[in-house]
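I'd like to go over a predicted model; first the sequence, then the structure.
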Amino acid sequence: MKHALAILLLTIAATPALAAKVYVSNEKGNDVTVIDGDTFEVLGTYPVGNRPRGITISPDGKELYVCASDDDLVRVFDPETMQEIHTLPSGPDPELFVLHPSGNPLYIANEDDNLVTVVDTQTHRMLAEIPVGVEPEGMGVSPDGKVVINTSETTNMAHFIDAETFEIFANVLVDSRPRFAEFNHDGSKLFVSAEIGGTVTVIDPASQEIAKVISFDIPGVLPEAIQPVGVRVTADGKKVFVALGPANRVAVIDGESLEVTDYILVGQRVWQLAFTPDEKHLYTTNGNSNDVTVIDVATNTALRSIPVGQQPWGVVVAPN
Amino acid sequence: MRSTVTAPVLFLVAAGILPAAAQTPDDPQLVRAAVLRVDQPALPPISRLEVAPEDLGFAGARLAIEDNDTTGRFMGQDFDAVEVTATPETASAELDAILAQDIRFVVLLADDATTLALADQAGDRALIFNAAARGDALRGADCRANLIHTAPSHAMLADGLAQFLMWKRWPRWLLVHGSHPEDIALADAYRRAAAKFGAKIVEEREFEDTGGARRTDSGHVQVQQQLPVFTQRAPDYDIMITADEHGVFADWMPYHTWDARLVAGSSGLVPRSWHPALEAWGATQFQNRFEKLNERNIREEDYQAWVALRMVGEAATQTRSADPDTLMQFMLSEDFQVAGFKGQKLTLRDWDHQLRQPILLTTGLVTTSVSPQDQYLHQVTALDTLGTDRPESACKF
């Protein structure tokens, strides 16, 4: 009996306290909406500081990081209780960040100051400030953790940064206003979205050569409204999802041929995307309709919309 | 296919020992420009909140140079802009002095006539960016091949407002214009916009500039008596359109009309190239950077000067060149585009060298709407529903 209880306790400890909880940062609401990924119910809304934008979670699911842009710091929350645990120095106006695959350090884009700040998530110390182009935003990290990418929106470059020495070793010019950088899971392709250019540039990370520039064409939608922002790639590399901003669509791209295969109608001004850990669902933040759309990844269909707070910006799903 | 720019940046850059593909480390490409502002003697504006700052236009140029230089660090390019103020009498000599320094890009903030005269004076020696003058003739019969307009034209501003008013189904306009030539020209743009979008100008009235004391203690007392009288017995109208380029009367008009009607144009709902309250499309970051650098809110002239120098910077980045002829050629080519925090790329019309751009409709503290309105379609770009389109243009280079 005692034995059985121990096993039961172990099981509880190892499993889903967070069962696919979804965290959405509301830029104008200064809060985070938490959604139950199984029932699609809103579990609660919690204050997180001023102008929350970038949001991510540690690989063990124990720390939720939020860029509080107007507070000039990163706030760290217990994802279970949504109580603030501590803060991290971020440099001014942190917008978006990426965690090293190991969970440490955190690489932060400081939009107003043309810097990428590197912060140790354990010691809470700033490790480096890397000067980059004007209005840094997009942050990506290679699956092996060796290369960090930053995109600068007004300089129109993807900067390749050595994750250990913090030195820029290459710059690739892309189209206007690059917002987001995402590697596929084997690290063979880097996708960089250009919001004003209306394209996604696919870069070979090894040579830093441009492999392809993907454009979009949606019947009945003005070309100017097609503004790619968030990008996510399935673990098998077969599907690439791209949020198209005020086109109110998410594009689906074949990860091999790099051809657009589908457009999914979602809410208004769709910016950021996050998969559930099982990649069954994809969540989109729709900043102008103040909701998130849940997409069924297998069928490329929008399942439902869930109202969240004011101007949802970023989204992350708990890993466990 | 574009190739990679490799740049050993970081601290080398800070030390000024420069990088990048085509250049040797100690040979950054230098791109030089000038900003020339020609100040006309003028009365103070009706509202003290509108007093022009000393660094009007220059402040925007400074931010553009900072932006260009940040990108330039990765490209081995360095940008600078000399700032010159002039009177209408000294403008010509100042332009000569700029050209004598072999500067080939000049951002000009001047009225229509001065802009035209200085563009002719520069001839093929420099590319002039008109960052202030809004007259349609300057883009039409008086257009010049060496003149690029980052300031929107009267026609673009009037069309931007007209589209919104038609969307609101407020098609009956009472047009009140001032007595200066620029007011008459702006009134023409509203007549044209009314015809283009199906509005009806029910009546026109001219508010003559008699040189009265606009800001004395008794100003509002007089105004409160005069304006209702001036606006009474108008045919039924939906909204009053004011055309007042010299700021003589329009700011007084809201709440002083005889009928309870809204006011648009030079006051009330005002069409503009830029507004310091705009937050969409990354504008917040742009406003933050501007305010941090210049310790004030941005004005339209600053935005227009900023766009002009960003165009030069963008051309230098994309062509990897500092050669003025190469940059000019690229800016005027179909491949050119620049991002200006207005939600879509900005490009140049090849028929009159006007920068295509959305028009903000602002009401004091907020951006009320942005034109083009979604309902107005165009075979090339919705932005060409604003202003003079190719078939209508009187411009011949």
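Received, thanks.

ok, now which ones touch B:Phe105?
B:Val31, B:Arg32, B:Ala33, B:Ala34, B:Ala126, B:Leu127, B:Phe129, B:Leu309, B:Val312, B:Pro324, B:Leu327 (Cβ atoms under 8 Å, 6 or more residues apart in numbering or on different chains). In short, each C-beta sits where N, CA and C put it, glycine included.

the third one touches B:Arg310, doesn't it?
Okay, so that is B:Ala33. No. Between B:Ala33 and B:Arg310 there is no contact under Cβ atoms under 8 Å: 11.1 Å.

who is the residue lying closest to B:Arg261 once chain neighbours are set aside paired with across the strands?
Among residues not flanking B:Arg261 along the chain, B:Met240 sits closest, at 5.6 Å (Cβ to Cβ, 6 or more residues apart in numbering or on different chains). On the basis of DSSP bridges, B:Met240 is bridged to B:Leu174, B:Val263.

which residues in the chain form helices?
Went with chain A since none was named. A:2-14 (DSSP state H).

ah, I was thinking of chain B
B:11-14, B:58-75, B:91-100, B:112-122, B:154-167, B:181-197, B:219-231, B:283-294, B:300-319, B:324-331.

how much space between the residue nearest to A:Gly245 when sequence neighbours are not counted and B:Val338?
Residue nearest to A:Gly245 in three dimensions, not counting chain neighbours: A:Gln227, with 3.4 Å by Cβ to Cβ, 6+ apart. According to Cβ to Cβ, to the nearest Å, A:Gln227 and B:Val338 sit 16 Å apart.

go on, A:Pro277?
From A:Pro277 to B:Val338 the distance is 41 Å (Cβ to Cβ).

enumerate the residues of the stretch 101-250 of chain A near chain B.
Proximity of the stretch 101-250 of chain A to chain B, by Cβ under 8 Å from any Cβ of the partner chain, involves residues A:111-112, A:114, A:130-131, A:133-135, A:152-157, A:159, A:166-173, A:176-177, A:196-198, A:207-210, A:222-224, A:227, A:246.

could you rerun that using 6 Å?
Applying Cβ under 6 Å from any Cβ of the partner chain, we find that the stretch 101-250 of chain A lies next to chain B at A:111-112, A:114, A:133-135, A:154-155, A:167-168, A:170-173, A:176-177, A:196, A:208, A:210, A:222, A:224.

OK, contacts around the residue nearest to B:Arg261?
B:Met240 is in contact with B:Leu174, B:Arg261, B:Val263, counting by Cβ atoms under 6 Å, 6 or more residues apart in numbering or on different chains.

try it again with 7 Å
B:Leu174, B:Val176, B:Met253, B:Thr257, B:Arg261, B:Val263 (Cβ atoms under 7 Å, 6 or more residues apart in numbering or on different chains).

my read: the fourth one touches B:Thr231, true?
What it means is B:Thr257. Yes. Taking Cβ atoms under 7 Å as the definition, B:Thr257 is a contact partner of B:Thr231 at 4.7 Å.

any regions of the stretch 151-300 of chain B where pLDDT drops low?
B:212-221 (pLDDT under 70).

how about the residues of it that lie near chain A?
Contacts of the stretch 151-300 of chain B with chain A, taken as Cβ under 7 Å from any Cβ of the partner chain, map to B:Gly282, B:Gln285, B:Asn288, B:Arg289.

now do the contacts for the third one.
When you say that, I think you mean B:Asn288. Neighbours of B:Asn288 in contact, by Cβ under 7 Å, 6+ apart: A:Asp112.

B:Ala132 and B:Thr150, how far apart?
9 Å.

for B:Ile184, same thing?
24 Å.

compare the two (neighbour count), which wins?
Set B:Ile184 next to B:Thr150 and count neighbours by other Cβ atoms under 10 Å in any protein chain shown: B:Thr150 wins out with 27 against 14.

now the more buried one: how far from B:Ala158?
Counting by Cβ to Cβ - B:Thr150 and B:Ala158 are separated by 18 Å.

related to what we said a few turns ago, got TSV for the contacts of B:Met240, with neighbour count too?
Formatted as TSV, those follow (neighbours: other Cβ atoms under 10 Å in any protein chain shown):
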residue	neighbour count
B:Leu174	23
B:Val176	28
B:Met253	24
B:Thr257	20
B:Arg261	18
B:Val263	24
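
nearest to B:Gln373 among the residues you listed?
Nearest to B:Gln373 among the contacts of B:Met240: B:Val263, at 20.1 Å, using Cβ to Cβ.

now do the contacts for the residue nearest to B:Ala91 when sequence neighbours are not counted.
Using Cβ to Cβ, 6+ apart and skipping residues adjacent in sequence, the residue nearest B:Ala91 is B:Val38, 4.6 Å away. By Cβ under 7 Å, 6+ apart, the contact set of B:Val38 is B:Ala86, B:Thr87, B:Pro88, B:Ala91, B:Leu109, B:Ala110, B:Thr114.

and residue 269, what does it touch?
Going with chain A. Counting by Cβ under 7 Å, 6+ apart, the residues that A:Arg269 touches are A:Gly245, A:Pro246, A:Asn286, A:Gly287, A:Asn288.

not quite, go with chain B.
So B:Leu269 contacts B:Leu161, B:Leu361, B:Thr363, B:Thr368 (Cβ under 7 Å, 6+ apart).

with respect to chain A, which of those residues is nearest?
Closest approach between the contacts of B:Leu269 and chain A, by Cβ to the nearest Cβ: B:Thr368, at 16.1 Å.

my read: that closest one touches B:Leu361, true?
Yes. Shown here, B:Thr368 and B:Leu361 form a contact pair, counting by Cβ under 7 Å, at 5.0 Å.

who has more neighbours, these two?
Neighbour count, other Cβ under 10 Å: between B:Thr368 and B:Leu361, B:Leu361 has more, with 24 against 16.

the more buried one contacts B:Gln373, doesn't it?
No. Here B:Leu361 does not reach B:Gln373: they are 9.8 Å apart, not a contact under Cβ under 7 Å.

any residues in contact with both of these two?
By Cβ under 7 Å, 6+ apart, the residues touching both B:Leu361 and B:Gln373 are B:Phe164.

which residue packs closest to B:Gln318, ignoring adjacent ones?
B:Phe330 (6.5 Å).

from A:Val66, how far off is that neighbour?
42 Å.

quick one: which of the two has more around it?
A:Val66 (29 against 17).

how near is the more buried one to chain B?
From A:Val66 over to chain B the distance is 18 Å, taken as Cβ to the nearest Cβ, to the nearest Å.

quick one on the thing from earlier: scan the residues of the stretch 151-300 of chain B next to chain A and report the most crowded one.
Counting by other Cβ under 10 Å, top hit in these: B:Gly282 with 24 neighbours.

wait, that residue touches A:Glu137, no?
No. Using Cβ under 7 Å, B:Gly282 is not in contact with A:Glu137, being 8.6 Å away.

what is in contact with the two at once?
A:Glu153.

show residues contacting stretch B:166-176.
So stretch B:166-176 is in contact with B:187, B:190, B:194, B:197-205, B:207, B:234, B:236-243, B:373, B:375, going by Cβ under 7 Å, 6+ apart.

just the buried residues of the residues you listed.
Using 16 or more other Cβ atoms under 10 Å in any protein chain shown as the burial test, the contacts of stretch B:166-176 include B:187, B:190, B:194, B:197, B:199, B:201, B:207, B:234, B:237-243, B:373 as buried.

for A:Asp186, what are phi and psi?
The phi and psi values for A:Asp186, taken as degrees, to the nearest 10, are phi -90, psi 0.

which ones are touching it?
With Cβ under 7 Å, 6+ apart, A:Asp186 has these contacts: A:Pro143, A:Gly237.

and the pLDDT at it?
pLDDT for A:Asp186: 96.

check B:Ile103 too.
So B:Ile103 comes in at 96 (pLDDT).

and A:Glu209, what's its pLDDT?
pLDDT, read off for A:Glu209, is 97.
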